[in-house]
Every structure is written in structure tokens, then in C-alpha cells.
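*Asks:* pasted the sequence and its predicted model underneath.
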Amino acid sequence: MNRKICSVLIVIIVVAILGTWYFYAYPNHQAMDDGFEEGSGGWVADADVPADPNKPGHLVAWNITRTTYVANSGRYSLKFFIDGVQDDGTLWIENKISVRNKARIQVKVSFELYSEHESFNAIADVCAYAGLRNPEVEGDFTVLGPANEIAGWKKYTYTTILDVGSSDEVWFAVGITVRWETRMTYYIDDVEIEVRW
């Protein structure tokens, strides 16, 4: 009886050790999240904006800055500002993570966006991107919905499946795209990225 118990315990211990090793050596997902409490977290600001007709040789004004004005959690968020008077322009933050070469991966991008006002007019749209290359133009993005659906914070989520092939990194981006001829400001916080294979 004691030998059987010892044998069973040994098998359980070996299975537990191998299972733990496999879980850490070969994880089936990768994740990152950022509330911008410690800085930009590796996110880089980028934009595809038109020329400013009032300032030849210059693009319309835009910026993305870390702020304590409003936050979904913690103290900080990112403030997105664009002069959308030309009725055009997209701005975003982008980041990338390394992945193992896998045939297909499932990607989920979620984040909170703050609008100071609710509006029935389409002032701006919320957009996101996940892919194998650095996003550079408005056409790279998927529109998730209007930015002014409510006054306050709203969560947006984007999911897609990518064929990674031999690529070893995946790019992500979240932002806004202009839909109305006006200057506009929005805030983004609590960006979460999850990759599963």
C-alpha cells in the first residue's frame, strides 16, 4: 500500500513539475497593459495629418501628451489633440511586442477613451490597429465607433486574427480620426493588449 501511494505521489509530482515547466517555457499567450502611470510605457505618438493651408510647409497642429487632467484609473492618461479644421487627420499611439513564429494568433486590443461631450454629430471616430508592420496612414486603421457616444469614459475593444508566418513581432495602435471640421481633444487610458496562439 505504501509503495502504491509513493508511486502515485511521485507521478503527481513529476506531472506537476513538467506542467509548470511547460507553462513557463511554452506560454500560449502574451499580454501587456499600460495606464501610463510610469511614463509612456514604450508607446510612441504618430499621425497622418494634412497640410495646414494657413502655414505653408507645415502640417496641422497635433500632439499627444501625458496628463493628470483626467484618468480612468490612477492619476495619468494620454491627451490627444488635433486641429481638425481641415476635416482630416488621424493620430495614434503605437507599440509592438515580440512573438514566436506561429501560423495564426488571436489579438485583442482594449482601451478606455474619454470624451468631454456627448454628440450626435460624428466629430471623431475611435480607431485601432493590429498587424505585422508599423501603421503609417489612416487607411491602416479599423474604425471602432464614434468618439462622442457618451460624455465620460467608454471602453473600446478590437479583436482580429493574424497569420504571423515568419514575423517575430506584432504592432498595435489606438487613436482617433477626424470626422468634423473642428479642433478636438480626447483622452486614452488603460490600454490592454492580449495575444493568444
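*Replies:* Looks like it arrived, so ask away.
*Asks:* show me where this structure has strands.
*Replies:* For the chain, applying DSSP state E gives strands covering 29-34, 44-48, 62-67, 77-83, 90-98, 104-115, 124-131, 142-146, 152-163, 169-178, 183-196.
*Asks:* closest to residue 54 out of those?
*Replies:* strand 77-83 (9.8 Å; Cβ to Cβ). Placement of C-beta: from N, CA and C, glycine included.
*Asks:* which residues touch the closest one?
*Replies:* For strand 77-83, contacts defined as Cβ atoms under 8 Å, 6 or more residues apart in numbering pick out 35-36, 40, 43, 47, 49, 52, 60-67, 69-71, 89, 91, 93, 114, 175-176, 178, 183-189.
*Asks:* about what we covered before: of all the strands of the chain, which one is nearest residue 56?
*Replies:* Nearest to residue 56, of the strands of the chain and by Cβ to Cβ, is strand 77-83 at 15.4 Å.
*Asks:* ok now that closest one, how far from the chain's centre?
*Replies:* Chain-centre distance of strand 77-83: 15 Å, with Cα atoms, centre = their mean, to the nearest Å.
*Asks:* before we move on, the earlier item: out of the contacts of strand 77-83, which end up buried?
*Replies:* The neighbour count (16 or more other Cβ atoms under 10 Å) marks 35-36, 40, 43, 47, 49, 60, 62, 64, 71, 89, 91, 93, 114, 175-176, 178, 184-189 as buried among the contacts of strand 77-83.
*Asks:* the residue lying closest to residue 163 once chain neighbours are set aside: neighbouring residues, count only.
*Replies:* Spatial nearest neighbour of residue 163, chain neighbours left out: residue 104 (5.6 Å); criterion: Cβ to Cβ, 6 or more residues apart in numbering. Neighbourhood size, residue 104 [other Cβ atoms under 10 Å]: 11.
*Asks:* was I right about residue 104 contacting residue 196?
*Replies:* No: counting by Cβ atoms under 8 Å, residue 104 stays clear of residue 196, with 9.9 Å between them.
*Asks:* what's the spacing between the residue nearest to residue 163 and residue 164?
*Replies:* 7 Å (Cβ to Cβ, to the nearest Å).
*Asks:* over to residue 95?
*Replies:* With Cβ to Cβ as the criterion, residue 95 and residue 164 are 17 Å apart.
*Asks:* pLDDT below threshold where in the chain?
*Replies:* 1-27, 101-102 (pLDDT under 70).
*Asks:* do that again at 90, thanks
*Replies:* 1-32, 39-42, 98-104, 120-121, 164-169, 197 (pLDDT under 90).
*Asks:* ok, back up a step: could I get the strands of the chain as a markdown table with distance to residue 56?
*Replies:* Below are the strands of the chain laid out as a markdown table (distance: least, Cβ to Cβ, whole Å):
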| stretch | distance to residue 56 |
| --- | --- |
| strand 29-34 | 38 |
| strand 44-48 | 19 |
| strand 62-67 | 18 |
| strand 77-83 | 15 |
| strand 90-98 | 22 |
| strand 104-115 | 33 |
| strand 124-131 | 26 |
| strand 142-146 | 31 |
| strand 152-163 | 36 |
| strand 169-178 | 21 |
| strand 183-196 | 20 |
